[in-house]
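Undergrad: sequence unknown, structure follows:
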């Protein structure tokens, strides 16, 4: 496996492509450009020496996720993403994207979509699981960082419609499912600590923010 070291034309292209898509988007509840999210996930993956295709998939994950949420077909995404970055990258992203319909084309209810993602982790490639772990690590770490910066935890938890404890529980589910399907890469130790810390923060959250 060839690790990404320093500059890469394809990685740079992926960042430019994602930046154009996210444009003026900001992280929910903050003034931070949305691009800080894929940038941080890419840093996590390069820190663990992952290959170029995996890093690119992580950068483009939210571009594809937005397309899926907006009803883009596989053909649309193949034309827009697959043609530019390759079918391997697109397949990796789709494996870790919450989808609206299942393999039979049946519409999934909103409460079934995350369960579907959990199930699909069993058949996901190693690359897709790395993307999932890195995004989960960044999400949990970002929440914890935001909580440290404020005296009003409610303002942070208010960004998540499910509340503090359900939000922490979701990241626990992802962590545990990755372990269950045999993903024991070094990143999981860091993710375990982040999830445990988030669970404690959720327990300590004001009652109004927990549920």
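TA: Cool, the structure landed. Because the structure is a prediction, the values reported are computed rather than measured.
Undergrad: now the helices for the chain?
TA: 9-22, 36-47, 52-69, 74-77, 83-85, 87-95, 110-120, 126-148, 153-157, 164-180, 187-204, 207-210 (DSSP state H).
Undergrad: okay, those, which one's buried deepest?
TA: Highest mean neighbour count of the helices of the chain: helix 52-69, a mean of 23 (counted as mean count of other CB atoms under 10 Å). For every residue, glycine as well, the C-beta is placed using N, CA and C.
Undergrad: Quick check: the gap between the residue nearest in space to the middle of the chain and residue 188.
TA: In the chain, the residue lying closest to the centroid (CA atoms, centre = their mean) is residue 135, at 3.4 Å. Residue 135 is 14 Å from residue 188, where distance means CB to CB, to the nearest Å.
Undergrad: Kindly report the same for residue 91.
TA: Residue 91 is 23 Å from residue 188, by CB to CB.
Undergrad: Which residues are in contact with the residue lying closest to residue 126 once chain neighbours are set aside?
TA: Of all residues not flanking residue 126 in the chain, residue 183 sits nearest, at 7.7 Å (CB to CB, 6 or more residues apart in numbering). Counting by CB atoms under 8 Å, 6 or more residues apart in numbering, residue 183 makes contact with 126, 129, 133.
Undergrad: For the residue nearest to the centre of the chain, give me its contacts.
TA: Residue 135 touches 41, 58, 61, 96, counting by CB under 8 Å, 6+ apart.
Undergrad: same check, this time on residue 162
TA: residue 170.
Undergrad: and what of the one 5 residues further on?
TA: For residue 167, the contacting residues are 143, 157, 160, 198, 202, taking CB under 8 Å, 6+ apart as the criterion.
Undergrad: how about low-confidence regions in the protein?
TA: 1-7, 29, 207-211 (pLDDT under 70).
Undergrad: hmm, 80 instead?
TA: 1-7, 24-32, 70-72, 161-162, 206-211 (pLDDT under 80).
Undergrad: Tell me the spacing between residue 205 and residue 191.
TA: Counting by CB to CB, the gap from residue 205 to residue 191 is 21 Å.
Undergrad: what does residue 42 give?
TA: Taking CB to CB, one finds residue 42 at 17 Å from residue 191.
Undergrad: Look up the closest residue to residue 191, ignoring the ones flanking it.
TA: Nearest non-adjacent residue to residue 191 (CB to CB, 6+ apart): residue 137, at 4.8 Å.
Undergrad: can you tell me which residues contact the one you found?
TA: 44, 187, 190-191, 194.
Undergrad: Likewise for residue 64?
TA: Here residue 64 is in contact with 77, 81, 90, 93-94, 97 (criterion: CB under 8 Å, 6+ apart).
Undergrad: Could you find which two of these are furthest from each other?
TA: The largest separation in the contacts of residue 64, counting by CB to CB, is between 81 and 97 at 11.3 Å.
Undergrad: Columns distance to residue 103 on top of the helices of the chain, output as a markdown table?
TA: Converted to a markdown table, the helices of the chain look like this (distance: least, CB to CB, whole Å):
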| stretch | distance to residue 103 |
| --- | --- |
| helix 9-22 | 26 |
| helix 36-47 | 27 |
| helix 52-69 | 14 |
| helix 74-77 | 11 |
| helix 83-85 | 23 |
| helix 87-95 | 12 |
| helix 110-120 | 10 |
| helix 126-148 | 16 |
| helix 153-157 | 35 |
| helix 164-180 | 19 |
| helix 187-204 | 28 |
| helix 207-210 | 36 |
